[in-house]
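**Q** here's a sequence, model it:
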Amino acid sequence: MSRPPLTPGPLSPRRKVPREIPRPPYALLGEPPAPKAPRARTAQELASMREACAIASDALAAAAAAVAPGVTTDEIDAAAHEVMVSRGAYPSTLNYRGYPKSTCISINEVICHGIPDLQTTLYEGDIVTIDVTAYFEGMHGDLNQTFAVGEVDQASKDLMEATRRALDVGIQAIRPGGQVRDIGKAIEKAVRNRFGIVHQFGGHGIGPDFHDGLHVQHVYDRRATTRFFPGMTLTVEPMLTLGRPEAQVWEADGWTAVTVDGSRCAQEEHTVLVTEDGVEVLTRHVPH
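**A** Predicted coordinates:
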């Protein structure tokens, strides 16, 4: 059975978060505070951030376990939401700039910010990226991963493997005193023009703010001269495509970003900490 075109579907009611779970500043009205410059995290912040990353990682694992042909994206979102709130964490995406759900779930040509709904169903041969962020004790932890739905074609397998490799080399490029542009340079070298690299979306600084003032490009940008320093926390999240890397956002929902040519996209993300002598990955992927 062939997949029908992806379109926005009806949403389930907003998921409940127990009253006792602390909310980020934007949870009520949707608008986050102005982004702040990156800074080193305190020991207490790092302890809380490690737990936020652990919760997000467990929520991703629960969502991944639900991936199968016939499952709706809303069901996957519910699985991740339940893990986060059961552990005392707030789903960071929920009402962030008005975003309506607890995760982003992006299928095939959707690059990022796919909104889970009651209508969109996974089909055999799809690839699906699940993006989860948890807010715990005032800190955010963020990761995503692309999964195959059943058996996928070789081109999709190659794309997913290349994206995992891009994430690895991007993280390996981080060191104290280095520059943010080192990440994009390393990824471009690893990809070697075999796939498109999305440049309209990137990684970001993270901690007390979901997104702070640091932007991380996954292509080389000579202007990205911000230097890494111990205690800095950020995400690396390359998005690779089988075709053109340009994105367009659906007018119907104002969030879902898709490839302009309909080609497939895969994405992989970790939250990382710059250490005195390198980098530490704080989040945990589902084993392949």
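**Q** where do the strands sit along the stretch 101-250 of the chain?
**A** Ranges of strands within the stretch 101-250 of the chain are 104-107, 110-112, 127-136, 139-148, 196-197, 203-204, 215-216, 233-236, 239-241, 247-249, based on DSSP state E, counting those that start in this stretch.
**Q** with respect to residue 159, which of the ones you listed lies nearest?
**A** strand 239-241 (6.1 Å; CB to CB). C-beta here means a position set from N, CA and C on the backbone, and glycine is covered the same way.
**Q** and the closest one, what does it pack onto?
**A** Strand 239-241 is packed against strand 110-112, helix 154-172, strand 196-197, strand 265-267, with contacts defined by 3 or more CB pairs under 8 Å, 6 or more residues apart in numbering; DSSP states H and E.
**Q** return the most buried member of those.
**A** strand 265-267 (a mean of 29; mean count of other CB atoms under 10 Å).
**Q** distance between that strand and the chain's centre?
**A** Per CA atoms, centre = their mean, to the nearest Å, the displacement of strand 265-267 from the mean C-alpha position of its chain is 10 Å.
**Q** that older thread, tabulate the helices and strands packed on strand 239-241 (TSV), appending distance to residue 143.
**A** Below are those laid out as TSV (distance: least, CB to CB, whole Å):
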stretch	distance to residue 143
strand 110-112	13
helix 154-172	10
strand 196-197	19
strand 265-267	10
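**Q** wait, which of the ones you listed is closest to residue 40?
**A** helix 154-172 (18.8 Å).
**Q** send the alpha carbons of that closest one over as PDB?
**A** Only the C-alpha atoms of helix 154-172 are listed here, as PDB (Å, rounded to 0.1, in the frame of the first residue of the first chain):
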ATOM      1  CA  GLN A 154      19.100   1.200   0.300                       C
ATOM      2  CA  ALA A 155      19.200   4.900  -0.400                       C
ATOM      3  CA  SER A 156      17.400   5.600   2.900                       C
ATOM      4  CA  LYS A 157      19.800   3.200   4.700                       C
ATOM      5  CA  ASP A 158      22.800   5.100   3.300                       C
ATOM      6  CA  LEU A 159      21.200   8.400   4.200                       C
ATOM      7  CA  MET A 160      20.600   7.400   7.800                       C
ATOM      8  CA  GLU A 161      24.100   6.000   8.200                       C
ATOM      9  CA  ALA A 162      25.700   9.100   6.700                       C
ATOM     10  CA  THR A 163      23.700  11.300   9.100                       C
ATOM     11  CA  ARG A 164      24.900   9.300  12.100                       C
ATOM     12  CA  ARG A 165      28.500   9.700  10.800                       C
ATOM     13  CA  ALA A 166      27.900  13.400  10.300                       C
ATOM     14  CA  LEU A 167      26.800  13.700  14.000                       C
ATOM     15  CA  ASP A 168      29.800  11.800  15.200                       C
ATOM     16  CA  VAL A 169      32.400  13.900  13.300                       C
ATOM     17  CA  GLY A 170      30.600  17.100  14.200                       C
ATOM     18  CA  ILE A 171      30.900  16.300  17.900                       C
ATOM     19  CA  GLN A 172      34.500  15.100  17.500                       C
END
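**Q** returning to what we had before: turn the strands of the stretch 101-250 of the chain into a markdown table, including mean pLDDT.
**A** Converted to a markdown table, the strands of the stretch 101-250 of the chain look like this (pLDDT from 0 to 100):
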| stretch | mean pLDDT |
| --- | --- |
| strand 104-107 | 98 |
| strand 110-112 | 98 |
| strand 127-136 | 99 |
| strand 139-148 | 98 |
| strand 196-197 | 98 |
| strand 203-204 | 98 |
| strand 215-216 | 98 |
| strand 233-236 | 98 |
| strand 239-241 | 98 |
| strand 247-249 | 98 |
